[in-house]
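In: Below is the sequence, then the predicted model.
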Amino acid sequence: MPSNEFKLLPGSLPEPYCFTTFQALYNQMFSLGQVVSVNGSRFYNLGLSTPDPDKRGFPWFSTVDGNWYFWNIDVGLWTRPHPVPPSSQSRILWVGNATDLNSYDGGDANAPGDASGPMWSIDTDFDAKFPVGPGTTAAGTVIAAGDTGGLDQVTIPVSALPRHQQIVPICARNSDASNPGSGTVSTVQYGIGRDQSSGNVVDDSTGSYARSFPLTSESSSDPTPAVDPDPIDLLPPYRGIYFLKRSSRIWMVAP
């Protein structure tokens, strides 16, 4: 169980030592002494205000933000370490703007240093990229940590187009509205889908003769298009967001 008992530890007066008044001696002795608990714990600073310089040997619990700080002689400030180490491999998501990032999580807009500058920075390795877990895709693509790849648009080449078949109606009608046969092509008007003389859609009930012929592409380049097809989008619905990494700043500073 923790003890609530305390004891006084005397300080050391210089040798030789002369005092001018007993009050001066008392003040000197009191300033050099320490009050500790019987288990050796020392007192600590507590409150809203920055502790006085002569109290810097004790930690400070700031009631402004509810955190512990210690006097850092290297930077001359009350500091505490950030829970995420500097330049860590950790990444977090940020939906704010780049300017507001300077003051996020205890950072500031000052020059980068051990106790100044932004606490987080934008990891530009993720610019315009989706994160993907390492592994093997269904198509057999192996993705390792740090790999990049993928396209936002792709153009399907002619060589990759599949074989296909289209059924096209052909109209044949002669001047006598009878079946022209194979030897009367000079008296036949031809059209695709419409009667050339009347402009009507091919229909057996009007006396026209409709025939459907399958036109089959035997290869992806038959017939060869004049130009490659337009690219198609591959991106799914998305929202832009920053990926943040810890900067090289070490210390958080007391408010």
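Out: Looks like it came in fine.
In: what about Y104, which SS state?
Out: Per DSSP: H, G, I helix; E, B strand; the rest coil, the local secondary structure of Y104 is helix.
In: How about the contacts made by it?
Out: Going by CB atoms under 8 Å, 6 or more residues apart in numbering, Y104 touches 94, 96, 118-120. (Each C-beta comes from the backbone N, C-alpha and C, glycine too.)
In: can you give me the helices for the protein?
Out: In the chain, the helices defined using DSSP state H lie at 22-32.
In: Go through the contacts of Y104 and name the one nearest M252.
Out: Relative to M252, the closest of the contacts of Y104 is M119; by CB to CB it sits at 7.4 Å.
In: Give me the nearest residue to the closest one, chain neighbours excluded.
Out: G107 (3.7 Å; CB to CB, 6 or more residues apart in numbering).
In: correct me, but the one you found touches S121?
Out: No. Using CB atoms under 8 Å, G107 makes no contact with S121, being 9.3 Å away.
In: what residues do these two have in common as contacts?
Out: Both G107 and S121 are in contact with 101, 247, where contact means CB under 8 Å, 6+ apart.
In: so where is the stretch 101-250 of the chain shaky, pLDDT-wise?
Out: Judged by pLDDT under 70, the stretch 101-250 of the chain has its weakly predicted residues at 161-229.
In: could you pull out the strands for it?
Out: With DSSP state E, counting those that start in this stretch as the criterion, the stretch 101-250 of the chain has strands at 120-122, 135-136, 142-143, 153-154, 165-174, 188-191, 209-216, 232-233, 242-246.
In: Which positions within the first one qualify as buried?
Out: Going back to what we said before, that points to strand 120-122. Within strand 120-122, the residues that count as buried by 16 or more other CB atoms under 10 Å are 120-121.
In: And for stretch 118-133?
Out: Neighbour counts over stretch 118-133 (16+ other CB under 10 Å) mark 118-121, 126 as buried.
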